[in-house]
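**Q** my questions concern the predicted model and sequence given below.
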Amino acid sequence: MEFKKTRRRNVWVVIAAMILLQCVWILRIFNSADRIRDGWMICLYQFPLLNSIIMPVVAAVIASRLCDVEHKGQALKLLETVMLPGKLFDAKFLCGSCFIFAATFLQFLIFLVTGYLLNFTGPVPAGRLFCYLLFTATVNVTILLFQQILSLLFVNQMVSLSAGLIGALVGLFIMFFPPEFERLLLWGYYGVLMLVRMDWNSTTRVIRYYWITADWNGYLTLTAMFCVLYLIGRMLFIRKEI
Amino acid sequence: MLFKTIMAEQIKLRHSPVWLAFIILPVLSAVMGTFNYLQNIGILQDQWYSLWTQHTLFLCYFFLPPLLGVYCSYLCRLEHTNHNWNAVMTAPVPISFLYLAKLTSASVMALFTQIWIGILFVLSGKISGLTSPVPPALPVWLLCGFAGEIVICALQLFISLIIRSFAVPVGIALIGGIMGLGAMAKGYGVWFPYSLLCLGMRANRPGGPMQCSVPGFCVNILIFLILFMTLSMIWLKRSDVVAE
Amino acid sequence: MSYIITTNGLCKQSGKAMRVRDLDLKVPEGVVYGFLGPNGAGKSTTMKMLLGLVKPTAGTISVLGKEVNSKNRLSILKDVGSLIESPSYYAHLTGKENLQIISTLKGVPAKDIDRVLQVLRLEKQKDKKVGQYSLGMKQRLGLACALLGRPRLLILDEPTNGLDPAGIQEMRDLICSLPQKYGMTIMVSSHLLSEIDQMATYAGIISRGELVFQNRMSCLHEKSRSSIAVRTLQNGAAAKILQDHGIGYELQDQYLLLPCLNDHELAGQMGLLYTKNIDIVRIEERHKSLEDIFLDLTGKAVSL
């Protein structure tokens, strides 16, 4: 039912634009041979970076579109007589998650395709790629959850979109900070869960990428954050008086 | 009469949380940028100029366009709800003034943002212990950035007039900002509205001249401004008012 | 008689359908003009065209003696107040601030705000955010905005929508008093025929985009014929007696409907029946209701 409301609502436009952008970005990066050597690693480095800027805003847009529909038509009153507010919350989240999963998956496909077309050297690091997909998807939906809570609680969408922008900025910057900070903030988890680190040697100006083991502790923390956020957010929404 | 229309716009903005992002975003950018600068002071040796890149690089490409987009979306959102277009379009005010009043409102906020960025910059520099004098070209950077911001506001207002959602124009602004990065890299910065802001702020290379010709910059700002204003006014005048 | 609004062959096409077709409105000055029509007949569309919100496909409109086009737009709108579709407001602002916005745009002094607040009895709520107003209060606020600046013409789209009976009465009295007090002309559209009946002196009825009636209300009333309904315990015999005396009748639901007779004739007929031992149990006067007239004119049931 939620999908019906999003018909004619341009959400796909934004996602499509985002994917397009990432294609362009990828093509720009891989214009030298030695980069292709490190192909997979570069992807898994650049994309979280890109994601931390784009995805919070995209998540904010999606959440805002889904919740805005209700606020504008003042349909919350109507809907809450038809269904439990808890279910409404869940339904919206599921709908939003579908969009997010679609976007994440498409992004993933893009660099699979690029890897294939440009013949990245070395075996396809399937395990790592899968981890990437999982991690990214989880961070994305957690941010979506956060945005949804804001969009539902505040009728003025300005608040939730501003928060999305601020979150994106914070997430981006925090990547350049020591790793301890990254764990504290939700948006930092793009960095925490990155599988590749870059080592920039200033004297030789050589960039070296190296794998690091997946940070499962970080993932668990993230999942815990997600659960807590979900419970609190749902409760707040149910309690909220219309 | 234009003044009266602008006054009316200002009344509409009372009790609105517009300041939230406008104050916080530059503060965060300044704090983190300064922190970053201090961490990497070995590499970033240009003092004030390096600090400037740290502050503004991300802001200009990634975060100021959506911020302006949020603001313009909000301005148009006030009219899109509650059948307000009916009331607005039957007021005895020229339609062009309605658009100009909104543009002025957005530009004033953009100006405050610029000033705030400037203040934060000087403060952070002093706190970081930079001893050399503040770059004298700072006001020029801020002013040119402001000119770029007005162009973005004009474009975003047009998009928000046509697309009646709050969030989608913000998404478009974000994408536009990122594409601005690409445009700059390829050297087409002057021809792309979203990158005029970055050019003006000298986000990439603060020390030297603008990465394009000064007359080219000014002319393009004017052309884009006139283009978006004309498009918006034609849209407002020609289309039938649909209030909901 | 001067007309404050005239339209000539006004048409509006939307997609494949003609919303409004060859409309020739003539609204006289200084009256309350009721604009009636079933749902979807084109009332709101016509009113929007009068205000310049919607561009007509064909035809001309003249308001306050000037043609409606972009040149005259400002001078016409200065003297027109309107309430179209729903009342327009900024929910996060107070009632007074909403009025301030309109008064700033119209160039009206601040004390006019207090005047309209008083006229519509909104002084107590003026500092409350409009988002918290009840529907009736929002409607009153919308009318207050329209009244700012003492316009010469008011165009109101269903102004009594959402008001309780007391509120409807007040609104009605207010609207009726405006032409005498301020010399305003008011064009009111409504579904409620009874409302228009009590408020308006002129009426225009629109159906499926075409004007089917435009005249004084009294003409509309004249279209209703009244009849006398008589019920007796021996309807069959009574009918025969009336027929023998040349009185036409119609049998309906155990009532004999007789054409309108004056009192003497009626008394004579009833006396005649009585002498023939017919037991008369009911004598009623029936009017064809406005609803019925409306139905005949528009060929459609009036929905609320």
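**A** Nice, I can see it.
**Q** centre-most residue in chain B?
**A** The geometric centre of chain B, computed from its C-alpha atoms, lies nearest to residue B:149 (CA atoms, centre = their mean), at 3.3 Å.
**Q** give me the nearest residue to residue C:151, chain neighbours excluded.
**A** Spatially, and ignoring its direct neighbours in sequence, residue C:151 is nearest to residue C:81 (4.0 Å; CB to CB, 6 or more residues apart in numbering or on different chains). C-beta: built from backbone N, CA, C; applies to glycine.
**Q** doesn't that neighbour belong to a strand?
**A** Yes: when DSSP: H, G, I helix; E, B strand; the rest coil is applied, residue C:81 is found to be in a strand.
**Q** who's in contact with it?
**A** Contact analysis of residue C:81 by CB atoms under 8 Å, 6 or more residues apart in numbering or on different chains lists C:145-149, C:151, C:153-155.
**Q** where in chain A is pLDDT low?
**A** A:1-14, A:25-44, A:69, A:72-85, A:118-125, A:177-183, A:191-192, A:194-215, A:241-242 (pLDDT under 70).
**Q** residue boundaries of the strands in it?
**A** Here chain A has its strands, by DSSP state E, at A:196-201, A:206-211.
**Q** in strands only, show me the contacts of residue C:81.
**A** Those of those lying in strands (DSSP E): C:153-155.
**Q** who wins for most neighbours among those residues?
**A** Among these, residue C:155 has the most neighbours (other CB atoms under 10 Å in any protein chain shown), with 27 neighbours.
**Q** now residue B:164, what are its backbone angles?
**A** Phi and psi for residue B:164, reported as degrees, to the nearest 10, are phi -90, psi 20.
**Q** show me where pLDDT drops low in chain C?
**A** C:223-225, C:299-304.
**Q** which helix or strand lies directly C-terminal to the longest helix along it?
**A** In chain C, taking DSSP state H as the definition, the longest helix is helix C:165-182. The C-terminal neighbour of helix C:165-182 among helices and strands, as given by DSSP states H and E, is strand C:185-190.
**Q** near chain B, anything from that following strand?
**A** No: using CB under 8 Å from any CB of the partner chain, strand C:185-190 stays clear of chain B, coming no nearer than 13.7 Å.
**Q** ok, the longest helix anywhere in chain B near chain A or not?
**A** Counting residues, the longest helix found in chain B (DSSP H) is helix B:95-127. No: with CB under 8 Å from any CB as the criterion, chain A is not reached by helix B:95-127; the gap is at least 12.3 Å.
**Q** model confidence over that helix, on average?
**A** In this model, helix B:95-127 has a mean pLDDT of 88.
**Q** now the most far-flung residue of chain B relative to its centre: how far from chain A?
**A** Within chain B, the residue lying farthest from the chain centre (CA atoms, centre = their mean) is residue B:42, at 32.4 Å. In this structure, residue B:42 and chain A are 8 Å apart, going by CB to the nearest CB, to the nearest Å.
**Q** before we move on, what about residue C:220?
**A** As for residue C:220, its distance to chain A is 38 Å (criterion: CB to the nearest CB).
**Q** picking up where we left off before, got the contacts of residue C:81 as TSV, with distance to residue B:177 columns?
**A** Below are these laid out as TSV (distance: CB to CB, whole Å):
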residue	distance to residue B:177
C:145	39
C:146	43
C:147	46
C:148	42
C:149	44
C:151	46
C:153	48
C:154	48
C:155	45
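**Q** any residues of chain B in contact with chain C? List them.
**A** Residues of chain B lying near chain C (CB under 8 Å from any CB): B:1, B:4-5, B:7-8, B:11-12, B:14-16, B:78, B:81-94, B:237-238, B:240-241, B:243-244.
**Q** so which of those also contact chain A?
**A** B:16, B:81.
**Q** residues near the residue nearest to residue C:108 when sequence neighbours are not counted, how many?
**A** In this structure, residue C:108 finds its nearest non-sequential neighbour in residue C:149, 4.2 Å apart by CB to CB, 6+ apart. Neighbour count for residue C:149, taken as other CB under 10 Å: 21.
**Q** my guess is residue C:149 contacts residue C:99. True?
**A** No: here residue C:149 lies out of contact with residue C:99, judged by CB atoms under 8 Å, at a distance of 11.0 Å.
**Q** would you map the helices across the stretch 51-200 of chain C?
**A** Taking DSSP state H, counting those that start in this stretch as the test, the helices found in the stretch 51-200 of chain C are C:73-78, C:95-106, C:111-119, C:135-147, C:165-182, C:193-199.
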